[in-house]
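Asks: generate a structure from the sequence data that follows.
(one chain, ligands or ions: 3)
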Amino acid sequence: MRLFLIGMPGAGKTTLGRALAVRGGLPFRDLDEEIVQREQRTVAEIFAAEGEDYFREVEARVARELIAEHPRLVLATGGGAPCFHGTMDALKAAGLTLWLDVPVPELVARLQHQAASRPLLAALPDLEALKLRLSETIAARTGFYAQAELRCTPPACTTEAVWALVQRYTTTA
Ligand SMILES: Nc1ncnc2c1ncn2[C@@H]1O[C@H](COP(=O)(O)OP(=O)(O)OP(=O)(O)O)[C@@H](O)[C@H]1O
Ligand SMILES: O=C(O)C1=C[C@@H](O)[C@@H](O)[C@H](O)C1
Ligand SMILES: [Mg+2]
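Replies: Numbering: from 1, shown residues only. Ligands and ions are numbered 1, 2, ... in the order given. Reported below is the predicted structural model:
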């Protein structure tokens, strides 16, 4: 089986994805990390040198390559990945999608010290601006994220709770 974790930056896709892969004995990949490896530069460097459109093209291609390479997979996607180039449809066609739906105040608490390394959150003057940017981004993306078959929201996004959700879905679907 393939499980795709989607959601906002800071939602915990990488952290939970790794743990779920261990729990289920499945290979784990992180889409941002795969892009960085293949491009030999950071996400911030790609955005700065090539712009967002280029990043979205690479992201969409690498997502499809990972799907083709891995019949069994837990994939932590990038925050914007489902929203460009039909990738949400590609994920849904290839496996089970799970939306980590984390409220804005929690995202702010997690991201306030990390925003500088994230191109779409960098250069914001203060916490209010970060909050506004995250709220606007969620509003624009919810139409994609909400297409996921499964959704969890804290405090129910623990490894065991989500693994049980996945098991229930795969044995009844
Ligand atoms: N369940 C959790 N409770 C509290 N903090 C968490 C939880 N999961 C992750 N974090 C923290 O939130 C931050 C973001 O987590 P993580 O990198 O897993 O998110 P992500 O969704 O992969 O983000 P990105 O879109 O940037 O890749 C990290 O500092 C991580 O330690
Ligand atoms: O939310 C986004 O659009 C992004 C999230 C990160 O995972 C990276 O994919 C990149 O910084 C863009
Ligand atoms: Mg991540």
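Asks: what helix or strand does the closest residue in space to Cys83 that isn't next to it in sequence sit in?
Replies: Excluding the flanking residues, the one nearest Cys83 by Cβ to Cβ, 6 or more residues apart in numbering is Phe144, at 4.7 Å. Every C-beta, even on glycine, is put in place using the N, C-alpha and C of the backbone. Here Phe144, judged by DSSP states H and E, is contained in helix 127-145.
Asks: what does Met8 give?
Replies: Per DSSP H and E, there is no helix or strand for Met8.
Asks: how many neighbouring residues does the residue nearest to it when sequence neighbours are not counted have?
Replies: Using Cβ to Cβ, 6+ apart and skipping residues adjacent in sequence, the residue nearest Met8 is Gly79, 5.4 Å away. Gly79 sits with 22 neighbouring residues when counted by other Cβ atoms under 10 Å.
Asks: roughly how far apart are Gly79 and Phe28?
Replies: As judged by Cβ to Cβ, to the nearest Å, Gly79 and Phe28 stand 18 Å apart.
Asks: show me where the protein has helices.
Replies: 13-24, 31-39, 43-50, 52-69, 87-94, 104-111, 127-145, 159-172 (DSSP state H).
Asks: so the longest one versus helix 104-111, what angle?
Replies: So that's helix 127-145. 110 degrees (axes from the mean of the first three to the mean of the last three Cα atoms, to 10 degrees).
Asks: name the helices or strands packed onto helix 127-145?
Replies: helix 104-111 (3 or more Cβ pairs under 8 Å, 6 or more residues apart in numbering; DSSP states H and E).
Asks: surely Gln147 touches Lys92?
Replies: Yes. Counting by Cβ atoms under 8 Å, Gln147 touches Lys92, with 6.7 Å between them.
Asks: up against ligand 3, what does the chain have?
Replies: Lys13, Thr14 (Cβ under 5 Å from the ion).
Asks: repeat the analysis, applying 6 Å as the threshold.
Replies: Lys13, Thr14, Asp30, Asp32, Ala76 (Cβ under 6 Å from the ion).
Asks: so where's this protein uncertain?
Replies: 173 (pLDDT under 70).
Asks: near ligand 1, which residues of it?
Replies: 7, 9-15, 32, 76, 79, 110, 157 (Cβ under 6 Å from any ligand atom).
Asks: just the buried members of those?
Replies: Gly7, Pro9, Gly10, Ala11, Gly12, Lys13, Thr14, Asp32, Ala76, Gly79, Cys157 (16 or more other Cβ atoms under 10 Å).
Asks: and the angle from the helix holding Phe144 to helix 87-94?
Replies: Going by the same axes, to 10 degrees, helix 127-145 makes 50 degrees with helix 87-94.
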